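J.: Turn this into a structure:
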Amino acid sequence: MSIGQKLLDLRKSKQLSQEEVANRLNVTRQTVSKWETDQSMPDFDKIIPICELYEISADELLSGTKHENVEKEEQKENKPEDFKREKRAKGIGISVLIYFVAVAWIMTSIPAFRLDPIVSSAIFLLICGVATYVIIYTCIVYKKDKKEIEEEERQKNTVQKQITEILAIIVLIIYLFISFTTMAWHITWILWVVYGLVEEIIKLIFMLRSKKNEK
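T.: Residues are numbered from 1 along each chain as shown. A predicted model of the protein is given here:
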């Protein structure tokens with residue numbers, strides 16, 4: 001970035017007009033314009049007043065050292081954890097949706113479409129396979145680093161654990177009750193798929209909540 005462009009950006013950041021800058025530096029507006037368009041360079045005796053006006057050092061003005069460092073810091077801040085966390089959340093959300101589609105399919109395909117149970121089950125497993133692939137792919141590509149894992153483990157609280165434990169007990173009771181009353185053991189196992197989905201949703205909610213609290 002040229003010095004003229006830096007001077008232009010600094011003036012705009014201070015919301016000053018060329019006339020205001022000229023008056024403060026005891027130069028003409030045309031001189032300020034020439035500086036900002038790189039038609040001329042500020043005289044040596046104007047460097048210090050310019051730096052004082054824009055609250056920067058001479059080294060920052062002439063070399064742009066601080067601006068480059070700030071840009072690098074901003075790039076570091078915008079990169080890893082938040083980006084990976086967002087991608088993981090999207091991947092898990094999509095896979096949960098696909099699992100729900102699979103459950104809806106197995107519950108409706110045989111009575112509604114009168115498909116062969118074997119064909120219906122094969123399609124169900126295929127849909128579940130797609131959902132599992134999405135989860136595995138997301139977790140591998142956007143895997144958590146050690147620091148993030150430790151941070152998430154620290155943020156986990158007893159409320160989440162109690163919710164999942166209570167949910168597991170409720171599902172177990174419902175599973176045993178329905179299975180023994182209907183003897184449809186070949187279908188009631190789907191309840192555990194639903195339990196897994198709900199558990200992942202709970203984890204996702206807590207993860208998004210932690211992200212919101214960090215902001």
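J.: Grab the most central residue of this protein for me.
T.: Nearest residue to the geometric centre of the chain (C-alpha atoms, centre = their mean): residue 86, 2.7 Å.
J.: pLDDT averaged over the helix or strand containing that one, what's the number?
T.: In the assignment (DSSP states H and E), residue 86 maps to helix 80-113. For helix 80-113, mean pLDDT is 82.
J.: Likewise for stretch 7-19?
T.: pLDDT averaged over stretch 7-19 gives 88.
J.: So what touches it?
T.: Stretch 7-19 has contacts (C-beta atoms under 8 Å, 6 or more residues apart in numbering) with 21, 29, 32-33, 35-36, 42, 50, 53-54, 56, 61. No exception for glycine: its C-beta is placed from N, CA and C like everyone else's.
J.: And the residues you listed, which is closest to residue 181?
T.: residue 56 (77.8 Å; C-beta to C-beta).
J.: Relative to residue 9, how far out is that closest one?
T.: If you measure residue 56 against residue 9 using C-beta to C-beta, to the nearest Å, the figure is 11 Å.
J.: From residue 108, how far off is residue 62?
T.: 72 Å.
J.: and which of the contacts of stretch 7-19 is nearest to residue 141?
T.: Checking the contacts of stretch 7-19 one by one against residue 141 (C-beta to C-beta), the nearest turns out to be residue 56, at 41.4 Å.
J.: tell me the secondary structure for that closest one?
T.: coil (DSSP: H, G, I helix; E, B strand; the rest coil).
J.: Count the neighbours of it for me.
T.: By the criterion of other C-beta atoms under 10 Å, residue 56 has 16 neighbours.
J.: Ramachandran coordinates for it?
T.: Torsion angles at residue 56 (phi, psi; degrees, to the nearest 10) stand at phi -130, psi 170.
J.: how far away is it from residue 27?
T.: For residue 56, the distance to residue 27 - C-beta to C-beta - is 18 Å.
J.: and if you look at residue 164?
T.: Look at residue 164 and residue 27: by C-beta to C-beta, they are 70 Å apart.
J.: now do residue 203
T.: 63 Å.
J.: now do residue 82
T.: The value you get for residue 82 to residue 27, if C-beta to C-beta is used, is 45 Å.
J.: neighbour-wise, which of the two wins?
T.: residue 27 (17 against 13).
J.: how's the chain carved up into domains?
T.: 3-75, 79-214 (automatic domain parsing).
J.: so where does the closest residue to residue 102 other than its chain neighbours fall, helix or strand?
T.: Distances taken as C-beta to C-beta, 6 or more residues apart in numbering put residue 127 closest to residue 102, at 3.9 Å, once the chain neighbours are dropped. Assessed by DSSP H and E, residue 127 sits inside helix 117-141.
J.: List the neighbours of that helix that are in contact with it.
T.: 87-88, 90-92, 94-96, 98-99, 101-102, 105-106, 109-110, 193.
J.: ok, now stretch 194-208?
T.: 85, 89, 92-93, 96, 99-100, 103, 152, 156, 160, 163-164, 167-168, 171.
J.: With that, I have no additional questions.
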